[in-house]
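A.B. asks: coords below, sequence missing:
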């Protein structure tokens, strides 16, 4: 959550693909959220991340399965948060995955509204967002893809939830505890 005063602004990143984690395996939200971020970058100057086409027409499953391997996914536990950064970097920077892009991924475990959420979205940089505590709002252990915000009345973070429908899911940032 955040103590920042709402600023009356909103923004969303267009062109972030929607992928459905159920297409790839149980508990595959980490690789799916990561693939949505990389699918965006595939369409915005890094065209080899999704092989043989765009984020909508290429081999998306191949990208997700590469991320599963690189993020140490398993169908029981999914992917641990500390594996997202090295997994994305491996897929983007390792010739074993057909890429040598010199991506630098940053993990931020102390996210602020203005310095992180608003800044990244305003710079058109979608991100993997993770809540891990099922006993605190939003009551899930789930990776999503941050794509928008609205702080006209409170702080709303919009994410791709990895499930249909293909529309942004609203999280009330003010209700998310700082330790989740």
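C.D. replies: Yep, that arrived. Everything numeric in this text was worked out from a predicted model, so none of it was measured.

A.B. asks: Looks to me like residue 159 is in a strand.
C.D. replies: Yes: per DSSP: H, G, I helix; E, B strand; the rest coil, residue 159 lies within a strand segment.

A.B. asks: Please name the nearest non-neighbouring residue to it.
C.D. replies: residue 144 (3.7 Å; Cβ to Cβ, 6 or more residues apart in numbering). C-beta here means a position set from N, CA and C on the backbone, and glycine is covered the same way.

A.B. asks: what do you get for residue 103?
C.D. replies: residue 92 (3.8 Å).

A.B. asks: Tell me, how many residues neighbour that neighbour?
C.D. replies: 21 (other Cβ atoms under 10 Å).

A.B. asks: now the chain, which segments are flagged as low pLDDT?
C.D. replies: Low-confidence segments of the chain (pLDDT under 70): 1-7.

A.B. asks: now the helices for it?
C.D. replies: Under the criterion DSSP state H, the chain contains helices at 29-42, 60-70, 84-93, 119-122.

A.B. asks: just those helices: most buried one?
C.D. replies: helix 29-42 (a mean of 27; mean count of other Cβ atoms under 10 Å).

A.B. asks: Can you name every helix or strand that it contacts?
C.D. replies: helix 60-70, helix 84-93, strand 127-131, strand 142-150 (3 or more Cβ pairs under 8 Å, 6 or more residues apart in numbering; DSSP states H and E).

A.B. asks: Could you dump those into JSON lines with distance to residue 53 added?
C.D. replies: What follows is those, written out as JSON lines (distance: least, Cβ to Cβ, whole Å):
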{"stretch": "helix 60-70", "distance to residue 53": "9"}
{"stretch": "helix 84-93", "distance to residue 53": "17"}
{"stretch": "strand 127-131", "distance to residue 53": "23"}
{"stretch": "strand 142-150", "distance to residue 53": "20"}
